[in-house]
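Novice: next input, structure requested:
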Amino acid sequence: MKLEDVYTQVVGLVPLYTDEGNATRIICWSDDGDMISLTDTRQVEGIKRLLARNYALDLSAQAAQLHKNYHRSPPLPFHLPDGRIFVPFKLRLARIAGDACYGYIELKIIDRIVPGEKNRCRLFLTNGQTLPVYSQITTARLALFFGLEIQKANKRKPDPDQDLMFAFHILRRYLTVKQ
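Specialist: Numbers count the residues shown, from 1 in each chain. From the prediction side, this is the model:
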């Protein structure tokens with residue numbers, strides 16, 4: 001299964017180390033309602049850009065807007081037009097300086113965050129799985145609350161014109177890529 005086939009079902013991007021180097025564990029909803037995982041050899045940021053490209057979304061502009069409105073610095077949450085909001089968490093320890101350690105978990109699948117040992121905590125997902133978070137509980141909770149703030153700000157009344165333009169952009173992208 002390829003990411004391009006399931007991009008509407010993605011709910012988590014977790015960085016991992018494999019024998020070939022950095023990779024990403026992609027958590028998705030399956031057609032029967034269960035969570036499944038795929039492994040992709042691209043890094044989290046590449047997967048994130050691919051998700052955004054499928055929605056004709058400019059992540060740089062979105063990050064600039066979040067920085068301007070909330071005075072926060074990266075890593076920042078990102079949100080997709082379909083309502084999914086991905087919250088950044090430090091989901092692995094770096095092996096070398098500059099290693100990408102942050103992954104993104106969709107807000108709706110986060111059940112709770114509980115403290116752990118050694119300045120770490122655990123992220124419980126709605127399906128019962130847990131993920132280790134390599135930051136203090138207050139840092140993880142602040143990331144979660146920032147995601148909730150974005151969710152509140154994004155609640156909008158339906159705008160048929162905007163929805164039509166969004167559909168047009170996706171259709172245009174699809175038609176130009178397939179030719």
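
Novice: now do stretch 109-117: distance to the chain's middle.
Specialist: Distance of stretch 109-117 from the chain centroid (Cα atoms, centre = their mean, to the nearest Å) equals 17 Å.

Novice: same deal with stretch 5-13?
Specialist: On Cα atoms, centre = their mean, the centre of stretch 5-13 falls 9 Å from that of its chain.

Novice: average pLDDT for it?
Specialist: Per-residue pLDDT over stretch 5-13 has a mean of 92.

Novice: got the end-to-end distance for that stretch?
Specialist: End-to-end distance for stretch 5-13, by Cα to Cα, to the nearest Å: 16 Å.

Novice: which outside residues touch it?
Specialist: 3, 24-30, 35, 38, 44, 47-48, 50-51, 54, 82, 84, 86, 103-106, 108-109, 125 (Cβ atoms under 8 Å, 6 or more residues apart in numbering). C-beta: built from backbone N, CA, C; applies to glycine.

Novice: just the buried positions in it, please.
Specialist: Buried positions in stretch 5-13, judged by neighbour count with 16 or more other Cβ atoms under 10 Å: 6-7, 10-13.

Novice: which parts of this protein are strands?
Specialist: In the chain, the segments counted as strands under DSSP state E are 10-18, 21-29, 35-40, 78-79, 85-90, 102-106, 110-115, 121-125, 130-133.

Novice: buried residues in the last one?
Specialist: Meaning strand 130-133. Applying 16+ other Cβ under 10 Å to strand 130-133 flags 131, 133 as buried.

Novice: now, which of the buried residues of stretch 5-13 sits nearest G116?
Specialist: G12 (19.0 Å; Cβ to Cβ).

Novice: could you report the neighbour count for I26?
Specialist: 24 (other Cβ atoms under 10 Å).

Novice: and F168, by the same measure?
Specialist: Neighbour tally, F168, other Cβ under 10 Å: 11.

Novice: for P15, same thing?
Specialist: Neighbour number of P15 under other Cβ under 10 Å is 22.

Novice: bridging residues for it?
Specialist: P15 forms beta bridges with T24, as assigned by DSSP bridges.

Novice: who touches it in this structure?
Specialist: Contact analysis of P15 by Cβ under 8 Å, 6+ apart lists 22-25, 43-44, 91-92, 100-103.

Novice: those: which two are farthest apart?
Specialist: Maximum distance among the contacts of P15 (Cβ to Cβ): 14.6 Å, for A23 and Y102.

Novice: of the strands of the chain, which is nearest M165?
Specialist: Between the strands of the chain, strand 78-79 lies closest to M165; by Cβ to Cβ that is 17.6 Å.

Novice: pairing partners for that closest one, with directions?
Specialist: strand 85-90 (antiparallel).
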